[in-house]
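# below: sequence and its predicted model.
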Amino acid sequence: MATRTKTAAGTRHEALGLTDPDLLQMYRTMVMARLCDEAQFRLNRQGKAPFVVPVSGHEGCQIGTAWPYRKGKDIFVPYYRDMGICLVAGMGPRDVFLAVFGKKDDPSSGGRQMPAHWSSSRLGIITGSSPIATQIPHAAGIAYAMKYRGEDAVVGCWFGDGATSEGDWHEGLNFSGIHRLPVVWYCENNKYAISVPLSKQMAVANVADRASAYGFEGVVVQGNDVLACYEASRHAIDKARSGGGPTLIELKTYRFHPHTSDDDDRTYRPREEVEEAKRNDSIILFGNHLKELGVLDDDGIERLRAEVKAEVDAEVDKSWDAEDPAAESGMLRVFAEPGQTMGLKGLGG
């Protein structure tokens, strides 16, 4: 472990109420997301994982924004790229790979849904679907129910820049503004809606500029700056929890890999652009920050990575050997059954 040195940089996380162990755990979660991503792509290329959605490049904005939420009380409404969000909420590598392999104990769907369609009633993660932006009205509705019931809770809802071109997005944000709902909206803007660049999606400079049309604040944050993401998110959560209404936070980021394992991003973005983005990798930047603080050194970073990789590899093997769903369970929860009730506790696993 590196020797602690007090620098001007050292006051930044302390001013936010974060300790050195907090920073280490945030960094470890970022590395966990990256190594899970690398593993699922290897499995895809080996023919063991038919379809995966990468997170690499988004770790900083995901871990930073999700970190201030209160587990067991607040609600997470992620989209398919949000592995980092779900790791912060309480999922682990086994949960990721049980879904990748479509296993019986997959917490999101019991092997009935595509990977990266996250869900867990135990952890407060609301299930999503493949059509983009459909989770946004759901998040607004949950926040409305919380406000109606007088519950001390906040909803966080994440989505990509492509979702902002959908009618669901307008409806959800407009409704949240009218009713001053306890919800925070996060746009992970990675510059492409699959292959469609920002210039073909909107005629304004920032997604956050649209927030004023719905009557609440919009904030632009550098998505590779973990602590800036944390600070903006915590402020918005505190505001929502105290009755101040929603906030739209735009996180400027970049995905390093194709949209999914079925996409060929070479057809729509130059390799030079991708390589330039990788030079601003949030994991590297945050690791350098921890070294400046004396929280970690190069040896510590390598040990941590090796430790997390061993954990991920072990969970891949256990998940691969886990029980498959029974064929006769294929129609379970597709149609209503006698005595079946619906509600938040019936969603997910």
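Received the coordinates, thanks.
# check which helices and strands the longest helix seen in the chain is in contact with.
For the chain, the longest helix by residue count, based on DSSP state H, is helix 20-45. Under the contact definition 3 or more CB pairs under 8 Å, 6 or more residues apart in numbering; DSSP states H and E, helix 20-45 sits against helix 59-66, helix 83-89, helix 93-100, helix 226-241, helix 282-293, helix 298-320. Every C-beta, even on glycine, is put in place using the N, C-alpha and C of the backbone.
# which of the residues in the last one are buried?
It stands for helix 298-320. Neighbour-count burial for helix 298-320 flags 300, 301, 304, 305, 308, 309, 311, 312, 315, 316, 319 (criterion: 16 or more other CB atoms under 10 Å).
# who's in contact with the last one?
For residue 319, the residues meeting the contact criterion (CB atoms under 8 Å, 6 or more residues apart in numbering) are 94, 97, 98, 100, 101, 103.
# top of the residues you listed by neighbour count?
residue 98 (28 neighbours; other CB atoms under 10 Å).
# leaving out sequence neighbours, find the closest residue to that residue.
residue 106 (4.2 Å; CB to CB, 6 or more residues apart in numbering).
# tally of neighbours for the one you found?
26.
# how close does it get to residue 308?
22 Å (CB to CB, to the nearest Å).
# do residue 270 as well
For residue 270, the distance to residue 308 equals 32 Å [CB to CB].
# show me what counts as buried in stretch 206-226.
The neighbour-count check on stretch 206-226 (16+ other CB under 10 Å) flags 206-208, 210-211, 214, 216-226 as buried.
# average model confidence for that stretch?
Averaged across stretch 206-226, pLDDT comes to 98.
# ditto for stretch 65-84
Computed over stretch 65-84, the average pLDDT equals 97.
# for stretch 318-328, same thing?
For stretch 318-328, mean pLDDT is 94.
# measure that stretch end to end?
24 Å (CA to CA, to the nearest Å).
# could you list the buried residues of that stretch?
319, 322, 325.
# same question, stretch 240-255
240-241, 245-255.
# now find how far off-centre it is within its chain.
13 Å (CA atoms, centre = their mean, to the nearest Å).
# I'd like the numbering to begin with 15 instead of 1 from here.
Renumbered: residue one is now 15, and that last one reads stretch 254-269.
# would you reformat the buried residues of stretch 254-269 as a markdown table and include pLDDT and secondary structure?
A markdown table is the format used below for these (pLDDT from 0 to 100; DSSP: H, G, I helix; E, B strand; the rest coil):
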| residue | pLDDT | secondary structure |
| --- | --- | --- |
| 254 | 98 | helix |
| 255 | 98 | helix |
| 259 | 98 | coil |
| 260 | 98 | coil |
| 261 | 98 | strand |
| 262 | 98 | strand |
| 263 | 98 | strand |
| 264 | 98 | strand |
| 265 | 98 | strand |
| 266 | 98 | strand |
| 267 | 98 | coil |
| 268 | 98 | coil |
| 269 | 97 | coil |
